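K.L.:
fold the following, please.
(one chain, ligands or ions: 1)
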Amino acid sequence: MKITIIGSGYVGLTTGVCLSHLGHHVVCVDNDVEKIRLLKKGISPIYEPGLEELLKQGMEKGTLSFTDSIEEGTKHGLAIFICVGTPPREDGGADLSSIELVATRIAETMDEYKLIIEKSTVPVQTGLKLKTTIELNNKRGIEFDVASNPEFLREGSAIKDFLYPDRIVIGVENERAEKLMREIYEKIDAPFIVTNIQSAEIIKHASNSFLAMKISYINAVSMVCEKAGADVKEVALGMGLDHRIGKEFLNAGIGFGGFCFPKDLKAFIKISEDLGYHMNLLKEVLKINQEIREYFINKVRDLLWNIKGKKIAILGLSFKPNTDDIREAPSIYIIKHLLKEDAYISVYDPAAMKKMKRIFPDIDYKENPYDTLVDANALLILTEWEEFRNLDLERVKNLMKTPIIVDGRNIFEPEEMERLGFIYRGIGRA
Ligand code: UDX
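P.N.:
I've put the predicted structure just below:
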């Protein structure tokens, strides 16, 4: 099928590249001329495993191309995916002006039937607004349908998540749109959930919020575990083996970050409020996510007594492993706090240091984990990179001034660490 992707960011580019891999003829559009220039050379502007290989393959096969012209894109695609950004506004709601602009341009340009699909993360009822906007600007009365097709991609495994999803969700208003959507995904073997447009939009909100809720839930439980003499890792395993609960997303730690969860939660709270429901449950999820960071800093304070003047080594800056993304990363909050209390900070992260330098130009960035540890009073682990699990712990201890480790991701076992001579604190582990 001829398919156009408007917005070649994280979601759009992954979608375009994967759809071309599935055999469709895809044109990706973006108004960022520099980005299009890079893409035309086969260079991915974002770091995502496997993306650049598929990008190059698609270009070589001739099933994938790029343009900065919406007009050209609109002419090409029978199906047009809108994947433009929907950044958060001050009030927590999503800024949908880019979607409106794109919808208007499509309506003005299209000269034959189009299926227009929203894939950006949007508040429920955006599909209806999208339809109204197209109707208003569709002066020549060209036929079209609107569909919602939320994405569930995770950074670091976006290609796999796209090609082997747990489910495909589509919201449509008629059989014509459903048939086309089925055709687009016919090569993917996954349950296909067909709903109306609003239900598809809510599935996205509700899924992300539920996952964030699971994390805050286990983090809340972890604070009780610690006080009760229980171990949250054992508790999570015991809970997770009940398949009604499930093992995933029950890792206690310093909370969730990233571009999606915090933003999507706030957007769901806002849209629920606009529709007349308070969603206090999700406000609590955000509150716990904040509390757990403060709880972590208090642990550091307890162990070091005074933070002022102490040398603190930090391993891990990105919001999760295998990405250089630091948006809403707990590390930013923690570093800010420690600096306020006049700590001397030395850090290492395998991928995210370049981005962090823009926020904290004056802390000490090191080329490897061990260099951060020389004469350190404490080591804080903030991201569970595989590399940190394999540290030479004897060497770590010998380098440090005092062998204190506060592990925000529970990558080590308390008894083992104590046996090795560390003063070790994880999250939710007595
Ligand atoms: C998330 C959703 O998983 C994805 O479906 C959606 O499309 C976009 O948002 P992503 O933000 O890439 O994906 O990361 P994810 O792997 O879900 O992790 C989010 C955050 O939760 C990370 O900060 C991670 O450290 C934290 N987390 C995750 C935990 O603290 N504990 C867990 O058990 C799982």
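K.L.:
every contact and neighbour count from this point should use C-alpha atoms.
P.N.:
Fine.
K.L.:
what parts of the stretch 101-250 of the chain come near the ligand?
P.N.:
Proximity of the stretch 101-250 of the chain to the ligand, by CA under 6 Å from any ligand atom, involves residues 151-155, 215, 249-250.
K.L.:
out of those, which one has the lowest pLDDT?
P.N.:
pLDDT across those is lowest for residue 155, at 88.
K.L.:
what helix or strand is that one located in?
P.N.:
Assigned by DSSP states H and E, residue 155 falls within no helix or strand.
K.L.:
how about residue 26?
P.N.:
Assigned by DSSP H and E, residue 26 falls in strand 25-29.
K.L.:
tell me what that strand is packed against?
P.N.:
Helices and strands touching strand 25-29, by 3 or more CA pairs under 8 Å, 6 or more residues apart in numbering; DSSP states H and E, are strand 2-6, helix 10-21, strand 64-67, helix 70-76.
K.L.:
quick one, helices of the stretch 301-430 of the chain?
P.N.:
In the stretch 301-430 of the chain, the helices defined using DSSP state H, counting those that start in this stretch lie at 330-340, 353-359, 369-372, 386-389, 393-399, 414-419.
K.L.:
meant to ask about the stretch 151-300 of the chain, not that
P.N.:
Using DSSP H, counting those that start in this stretch, helices in the stretch 151-300 of the chain cover 158-163, 175-184, 197-228, 232-240, 261-275, 280-304.
K.L.:
the ones you listed: lowest mean pLDDT?
P.N.:
Per-stretch mean pLDDT for the helices of the stretch 151-300 of the chain is lowest at helix 261-275 (a mean of 93).
K.L.:
helices and strands around that one, which ones?
P.N.:
helix 197-228, helix 280-304.
K.L.:
include mean neighbour count when you put the ones you listed into TSV, please.
P.N.:
Formatted as TSV, those follow (neighbours: other CA atoms under 10 Å):
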stretch	mean neighbour count
helix 197-228	20
helix 280-304	17
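K.L.:
residues in contact with the nearest residue to residue 293 once chain neighbours are set aside?
P.N.:
Of all residues not flanking residue 293 in the chain, residue 254 sits nearest, at 5.4 Å (CA to CA, 6 or more residues apart in numbering). For residue 254, the contact set (CA atoms under 8 Å, 6 or more residues apart in numbering) comprises 219, 289, 292-293, 296, 330, 382, 408-409, 427.
K.L.:
may I ask which helix or strand of this protein has the lowest mean pLDDT?
P.N.:
helix 261-275 (a mean of 93; mean pLDDT, DSSP states H and E).
K.L.:
buried stuff in that one?
P.N.:
Applying a neighbour-count criterion of 16 or more other CA atoms under 10 Å, one finds 261-271 buried in helix 261-275.
K.L.:
with stretch 31-42 instead?
P.N.:
In stretch 31-42, counting by 16+ other CA under 10 Å, buried: 35-36, 39-40, 42.
K.L.:
present these as CSV; the columns should include pLDDT, distance to the ligand and secondary structure.
P.N.:
Shown next, in CSV, are the buried residues of stretch 31-42 (pLDDT from 0 to 100; distance: CA to the nearest ligand atom, whole Å; DSSP: H, G, I helix; E, B strand; the rest coil):
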residue, pLDDT, distance to the ligand, secondary structure
35, 97, 22, helix
36, 97, 24, helix
39, 97, 22, helix
40, 97, 26, helix
42, 96, 24, coil
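K.L.:
max pairwise distance over those: which two?
P.N.:
35 and 42 (10.8 Å; CA to CA).
K.L.:
okay, now the domains of the chain?
P.N.:
2-195, 196-430 (automatic domain parsing).
K.L.:
where in the stretch 301-430 of the chain is pLDDT low?
P.N.:
For the stretch 301-430 of the chain, no stretch has pLDDT under 70.
K.L.:
would you mind listing what in it touches the ligand?
P.N.:
Residues of the stretch 301-430 of the chain lying near the ligand (CA under 6 Å from any ligand atom): 319-320.
K.L.:
what sits against the residue of the stretch 201-350 of the chain found nearest the ligand?
P.N.:
When scored by CA to the nearest ligand atom, the stretch 201-350 of the chain has residue 249 as its residue closest to the ligand, at 3.1 Å. Counting by CA under 8 Å, 6+ apart, residue 249 makes contact with 211, 214-215.
K.L.:
out of the contacts of residue 254, which comes closest to residue 350?
P.N.:
residue 382 (12.5 Å).
K.L.:
so who does the closest one touch?
P.N.:
Counting by CA under 8 Å, 6+ apart, residue 382 has contacts 254, 314-317, 330-331, 407-409.
K.L.:
so what's residue 300 up against?
P.N.:
By CA under 8 Å, 6+ apart, the contact set of residue 300 is residue 406.
K.L.:
try residue 97
P.N.:
Neighbours of residue 97 in contact, by CA under 8 Å, 6+ apart: residue 86.
K.L.:
same thing with residue 271?
P.N.:
Residue 271 neighbours (CA under 8 Å, 6+ apart): 93, 123-124.
K.L.:
still on that earlier bit, partners of the strand holding residue 26 in the sheet?
P.N.:
Partners of strand 25-29 in the sheet, by DSSP bridges, are strand 2-6 (parallel), strand 64-67 (parallel).
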